[in-house]
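K.L.:
Build me a model:
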Amino acid sequence: MTNTFTRHLVLIDDDTDDFAVLSYIIEQINAGVRISAITETEHITERLLADPPDIILLDMAMPRKNGLECLLEIRENALLDQVPVVVYTDSRNEAEIACAYRYGASLYIQKPSSYSEFVETMRKTLALDLKIPQQAHAVLPLPVSEGLLATT
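P.N.:
A predicted model of the protein is given here:
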């Protein structure tokens, strides 16, 4: 059986186990999606531009540069600013959710607690016609005091 890929999904996550599980799920639901991973967030835009995605799945909790910082960098790049970004995280922090949408996330999903929920969440997510929120281009800086962006 030959796979026909119609879209390219990039998972930005420091956890390689998540990539393995997600790859298996994508294959099982036969979504026509080629998946690749970026595990290091240094030079994120350059890495994305080397093999441009149709959709980005972005984890929030990463050690060097968190998901919000990556989202800001993606939205500031004219070649990537229209690529849908789905924030994918364990967090249920309402301020983080609001900030992700304010910074241009197309969708915010919480990591499901079971494999079957994960499969269904990915099936539904990939079936959506994701768009960039209109306010994504009016990014307002989040004060570091809110604790969501790392200090330098």
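
K.L.:
Tell me where the chain is predicted with low confidence.
P.N.:
Where the chain drops to pLDDT under 70, the residues are 1-3, 131-152.

K.L.:
Count the neighbours of the residue nearest to residue 16 when sequence neighbours are not counted for me.
P.N.:
Distances taken as CB to CB, 6 or more residues apart in numbering place residue 39 nearest to residue 16, at 6.3 Å, with adjacent residues excluded. Using the backbone N, CA and C atoms, a C-beta is placed for each residue, glycine as well. By other CB atoms under 10 Å, the residues close to residue 39 number 15.

K.L.:
How about the contacts made by residue 39?
P.N.:
13-16, 19 (CB atoms under 8 Å, 6 or more residues apart in numbering).

K.L.:
Residue 42 too?
P.N.:
By CB under 8 Å, 6+ apart, the residues touching residue 42 are 64-65.

K.L.:
can you check residue 47 too?
P.N.:
Residue 47 makes contact with 38, 40 under the criterion CB under 8 Å, 6+ apart.

K.L.:
Packing partners of the helix or strand hosting residue 69?
P.N.:
In this structure, residue 69 is located in helix 67-75 according to DSSP states H and E. Counting contacts by 3 or more CB pairs under 8 Å, 6 or more residues apart in numbering; DSSP states H and E, helix 67-75 packs against helix 44-50, strand 55-59, strand 85-89, helix 94-102.
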